[in-house]
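Colleague: here is my input; please provide its structure:
(2 chains)
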Amino acid sequence: GAVVSQHPSRVICKSGTSVKIECRSLDFQATTMFWYRQFPKQSLMLMATSNEGSKATYEQGVEKDKFLINHASLTLSTLTVTSAHPEDSSFYICSARDPDRGGDTEAFFGQGTRLTVV
Amino acid sequence: LAKTTQPISMDSYEGQEVNITCSHNNIATNDYITWYQQFPSQGPRFIIQGYKTKVTNEVASLFIPADRKSSTLSLPRVSLSDTAVYYCLSWKGPGNTGKLIFGQGTTLQVKP
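Modeller: Residues are numbered from 1 along each chain as shown, chains lettered A, B, ... in the order given. Okay, the predicted model is just below:
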């Protein structure tokens, strides 16, 4: 089964509203999770590093007030796209490493969330 | 993290061996090379990782020459289901934050 799970897998929202995406680590605790965004036919772009119990670290050019990240527990990180606009429509993916299951090698990725803003 | 360069696309036929080469001229001494596979509308999936020489698992082989400025992912006897995007990445290795920076990737198209 999936080691990292995202919810929802698809979401359509109206322009101006906010959308929350959840990323859960299953059966392991993740002090650090990563959020990516991927536009059609492009590569993944790292948006931010989510740190449990502290503020997220955002990559250059990513608006922290628009993409709110909360990592309140060791198994859950959330990404909230605030005041979404059509240009925010994208595929959002999270990842984490399980230190007890090859954490020194592979990162596990969620199945992604397709956000469409209309 | 070292910038990686790969061919944008490759074509192959079922049953053939596919080799995808990645350049990473500025790789740091402690960086590892790792490869991921991504199918459309899915998150990437780990394939293989290495530091130098050759690594083999049930899915692929990875060869990294002594100068570590390049690496080659080898997929034996590909099938149609291997059609995907393959990403070559460098990362800091065990004990580090685990941040992965993705390059453009190689789109592999396997034909019947």
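Colleague: not counting residues beside it along the chain, what's closest to the residue of chain A positioned farthest from its centre?
Modeller: Going by CA atoms, centre = their mean, the residue of chain A most distant from its centre is residue A:100, 21.8 Å out. Excluding the flanking residues, the one nearest residue A:100 by CB to CB, 6 or more residues apart in numbering or on different chains is residue A:28, at 6.3 Å. Heads up, the C-betas are built off the backbone N, CA and C, glycines and all.
Colleague: contacts only, for the one you found.
Modeller: Contacts for residue A:28 (CB atoms under 8 Å, 6 or more residues apart in numbering or on different chains) come out as A:3, A:75, A:96, A:98, A:99, A:100, A:101.
Colleague: of those, buried ones?
Modeller: A:3, A:75, A:96, A:98 (16 or more other CB atoms under 10 Å in any protein chain shown).
Colleague: which members of those residues are positioned in strands?
Modeller: Of the buried ones among the contacts of residue A:28, the ones assigned to strands by DSSP state E are residue A:96.
Colleague: so of the buried ones among the contacts of residue A:28, which ones are in helices?
Modeller: Among the buried ones among the contacts of residue A:28, DSSP state H puts none in helices.
Colleague: residue B:23 and residue B:83: what is the separation?
Modeller: 23 Å (CB to CB, to the nearest Å).
Colleague: can you map out the strands along chain A?
Modeller: Going by DSSP E, chain A shows strands at A:4-7, A:10-13, A:19-25, A:32-38, A:44-51, A:57-58, A:67-73, A:76-81, A:90-96, A:108-109, A:113-117.
Colleague: wait, which of the ones you listed is closest to chain B?
Modeller: With respect to chain B, and counting by CB to the nearest CB, the nearest of the strands of chain A is strand A:108-109 at 3.1 Å.
Colleague: so what strands line up beside the closest one?
Modeller: strand A:90-96 (antiparallel) (DSSP bridges).
Colleague: tell me the angle of the partner strand relative to strand A:44-51?
Modeller: 50 degrees (axes from the mean of the first three to the mean of the last three CA atoms, to 10 degrees).
Colleague: all the strands of chain B, residue numbers only.
Modeller: Using DSSP E, the strands of chain B run over residues B:9-13, B:18-23, B:32-38, B:45-50, B:53-56, B:61-64, B:70-75, B:84-91, B:106-111.
Colleague: which stretch among the ones you listed comes nearest chain A?
Modeller: strand B:45-50 (3.4 Å).
Colleague: within the sheet, what are the partner strands of that closest one, with directions?
Modeller: strand B:32-38 (antiparallel).
Colleague: any low-confidence regions in chain A?
Modeller: Applying pLDDT under 70 to chain A flags the ranges A:1-2, A:102-103.
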